[in-house]
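Chemist: just the structure for this:
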Amino acid sequence: MSQIAHIDPVCGMEVTPEEAAGSFDYNDLTYYFCGTSCLDRFKANPPKYLEPSEEAPAPIGAEYTCPMHPEIRQIGPGSCPICGMALEPLDVTLEDDNSELHDMSRRLWVCAVLTIPLLLVVMPHLFGFDLSHRVPHGTLAWSQFALATPVVLWGGLPFFQRGWASLVHRSPNMFTLIAMGTGVAWLYSVVGTVSPQIFPNTFRNPMGGVDLYFEAAAVITTLVLLGQVLELRARSATSSAIRALLNLAPKQARIVREGVEADIPLDQVVVGDILRVRPGENIPVDGVVTEGQSSVDESMISGEPMPVAKREGAKVTGATVNQAGSFLMRAERVGNETLLAQIVKMVSEAQRSRAPIQKVADTVASYFVPAVVAVAVLTFIAWAIWGPPPAMAYAVINSVAVLIIACPCALGLATPMSIMVGTGRGAQAGVLIKSAEALEGFEKIDTLVVDKTGTLTEGRPKLAGIQAIGSHDEAEVLAVAGGLELGSEHPLAVAIIEGLHDRSIAPATISEFVAIAGKGVQGQVENRRASLGNMTLMEEIGAASEAAASIANTMRSEGQTAIFLAIDDAIAGVIGVADQIRSTSAEAIRLLHHDGIRVVMLTGDNRITASAVGTKLGIDEIHADVLPEGKIDLIKQLQATGRIVAMAGDGINDAPALAQAHVGVAMGSGTDVAMESASITLLRGDLMGLVRARRLSRATMANIRQNLFFAFVYNVAGVPIAAGVLYPFTGLLLSPMVAALAMSLSSVSVIASSLRLRSVPL
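Modeler: You can find the predicted model right below:
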């Protein structure tokens, strides 16, 4: 009898037979698998995971990257070799990796416990008493050494390690400056404690002693640790939008098999499974309703709070919330194929992309640290030559202040933090940004080119009107037309069939059915020949009339497509089918006009119908009867005149134009090809999404500029003050400890500023 192995051989997780997704017998052991993904990987390569003498392999480590330098990738946590920042997981999960935060927090608390008594020893007057007459100077010096050394060498060890790595990789960064500043202050103080006699008079205070700066080195280290803790906490919040999306997915699904219902883990659902969704539950995966009806809150993908009615045949999206009724659904997309998974993937990739404006910060940052070191050297020289006694002591402490106050991280974080929060906010509002470049570019557009069908309109034609001619009535015209179109999947045919159902009219029985390509259909109804199609077909059978043509032109002027029905070669009626204008299109175009954007419509539809829609919506420019290759030509013509063009469309024939435009926008109701070609996807599929995208782009770019301005001004003002330029006029000098506090808070301020985008109204 086989023994049970309680460890999944693929991922190393503990698993019981009751929890398992599958099992496999090997060498008198039964191996169980925690999920279908592990089972599939095992089936693809069993020997890799099963060796009788070996233990189950450890799980594959997560990949980490730097928020400032997304090109840096490694397995497991660490620090960036370029900027020294803590790496973060490439893929956001519900469980946040807090190992770096925990380490920095532990160091902060220990250092704070040691730094407080150090300040008591060095600055007892702050606490209301004086130790100078009670404790020998040598004892005070060694007490400072004992308290400060663990803080600097243990608490500040990560900073020295990152500072050294920056030199090895020839990428000086903020940790280079911190390591130099605290190292110089601590070493100076150690020498002043151990061998004070080697210092010349220029280093000595008026009483003949050597000033020590143990408290400065310790306080700087502690404050930098505080800044790191605050920064790591704030950086974690930048991924809150993705975690909120991930949290929407239920952990289980209720499967229905052979009339029996049971709850199973979500990762065990496969395509084709029938699932029960009860009131109040999140829909587990993407699929289609097979039985029952309900209303579903789809705000997580559309940003719209109004629930959407669902009945048999309607598509439902995983992670949306079922509200009223219970229904059965068939799973069509599971795992990484669901819309939620694709949204998370797209947002994650966008957050790691780099906006063109980032090049400015990168260029400045590449010169920043060498420039600060040069300023620190010049500060030392200037104070050593022209400073008051003790000149050399002033030179050391002010050069340390210059090194400490400079923070290139604030400059480097200004753009990526805003991009991370902005793209996450967009995803919550149904606006998916594929790259930071698209987010920046959308702010600059001045011309929007839109397709008509599916973009300005619903993309689902509906029966708009029936005009009977002669002795025929509307019910007869619709019944015969419905009989001829029965079974067809053409959008116009579907509109006629739906019109039949809405009016509770039975379709006529048709025999001898014939389809005439590009013209229409024909058949026999009660020994009479019936023909349904365009004017070309009517002319061929000799049924065309001026009265019918006049009715058709009236329908077209109202944005409808005219379909003619002839019985016994005489027109019996004209049917108008219209693709209804989206309820939000007019308001969206008004808002875009208010924003200074010129709206151009191009469509393959006829000019009369296109003009009717364009005039009703206030479109600036209309191009009708345009072939797919003509769309891309129009985009090129607009670009040649100097316009910054965005193109919005939803069909396969829009894909080339979407790729050609400066920014391509795919409507979420369209095809996968269109979405792949576009830089922005609107999940709801209406033009109000464009308004949201424009607001998001403007808010994000404004936030980036504010961050960059703050970082530039902070360093332009802070470094000279730390160098002592105000001393000749005001007698003001900046303590290195104050410089450390300002430096630590600068990065936190940039991140806090970026987090404001989470609440920007769209």
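
Chemist: give me the distance from whichever strand or helix holds residue 744 to the chain's centre.
Modeler: Element membership for residue 744, per DSSP states H and E: helix 736-755. Mean-position distance between helix 736-755 and its chain equals 25 Å (CA atoms, centre = their mean, to the nearest Å).

Chemist: same question for stretch 424-433.
Modeler: Counting by CA atoms, centre = their mean, stretch 424-433 is centred 6 Å from the centre of its parent chain.

Chemist: what's the answer for stretch 322-337, then?
Modeler: With CA atoms, centre = their mean, you get 24 Å for stretch 322-337.

Chemist: quick check: buried residues in that stretch?
Modeler: Neighbour counts over stretch 322-337 (16 or more other CB atoms under 10 Å) mark 322, 327-334 as buried. Yep, even glycine has a C-beta here, placed from its N, CA and C like the rest.

Chemist: which other helices and strands does the one helix or strand residue 497 maps to contact?
Modeler: Using DSSP H and E, residue 497 falls within helix 491-502. Judged by 3 or more CB pairs under 8 Å, 6 or more residues apart in numbering; DSSP states H and E, the packing partners of helix 491-502 are strand 462-468, helix 474-485, strand 560-567, strand 570-578.

Chemist: which non-adjacent residue is nearest residue 745?
Modeler: residue 227 (6.4 Å; CB to CB, 6 or more residues apart in numbering).

Chemist: is it true that that neighbour touches residue 743?
Modeler: Yes: distance between residue 227 and residue 743: 7.0 Å, which falls inside the contact criterion (CB atoms under 8 Å).

Chemist: okay, now the unreliable bits of the stretch 551-700 of the chain?
Modeler: Residue ranges of the stretch 551-700 of the chain with pLDDT under 70: 628, 651-653, 669-677.

Chemist: please say which of residue 227 and residue 743 ends up with more neighbours.
Modeler: residue 743 (29 against 25; other CB atoms under 10 Å).

Chemist: quick one: contacts for the residue lying closest to that one once chain neighbours are set aside?
Modeler: Once flanking residues are discounted, residue 743 sits nearest to residue 407: 4.6 Å by CB to CB, 6+ apart. Contacts here follow CB atoms under 8 Å, 6 or more residues apart in numbering; on that basis residue 407 touches 174, 711, 714-715, 743, 746-747.

Chemist: check residue 703 too.
Modeler: Residue 703 neighbours (CB under 8 Å, 6+ apart): 418, 422, 753-754, 756-757.

Chemist: ok, it to residue 425 distance?
Modeler: The spacing between residue 703 and residue 425, counted by CB to CB, to the nearest Å, is 11 Å.

Chemist: what touches both of the two?
Modeler: Joint contacts of residue 703 and residue 425 (CB under 8 Å, 6+ apart) are residue 757.

Chemist: any idea how far stretch 217-229 is from the middle of the chain?
Modeler: Stretch 217-229 sits 32 Å away from the centroid of its parent chain (CA atoms, centre = their mean).

Chemist: may I have that stretch as CSV, with CA atoms only?
Modeler: Only the C-alpha atoms of stretch 217-229 are listed here, as CSV (Å, rounded to 0.1, in the frame of the first residue of the first chain):
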residue,chain,number,x,y,z
ALA,A,217,26.7,60.5,13.4
ALA,A,218,24.2,58.6,15.6
VAL,A,219,21.3,61.0,15.2
ILE,A,220,21.9,61.1,11.4
THR,A,221,21.9,57.3,11.2
THR,A,222,18.7,57.1,13.3
LEU,A,223,16.9,59.8,11.3
VAL,A,224,17.9,58.2,8.0
LEU,A,225,16.5,54.9,9.4
LEU,A,226,13.3,56.7,10.3
GLY,A,227,13.1,58.1,6.7
GLN,A,228,13.7,54.6,5.3
VAL,A,229,10.9,53.1,7.5
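
Chemist: okay then, goodbye and thanks.
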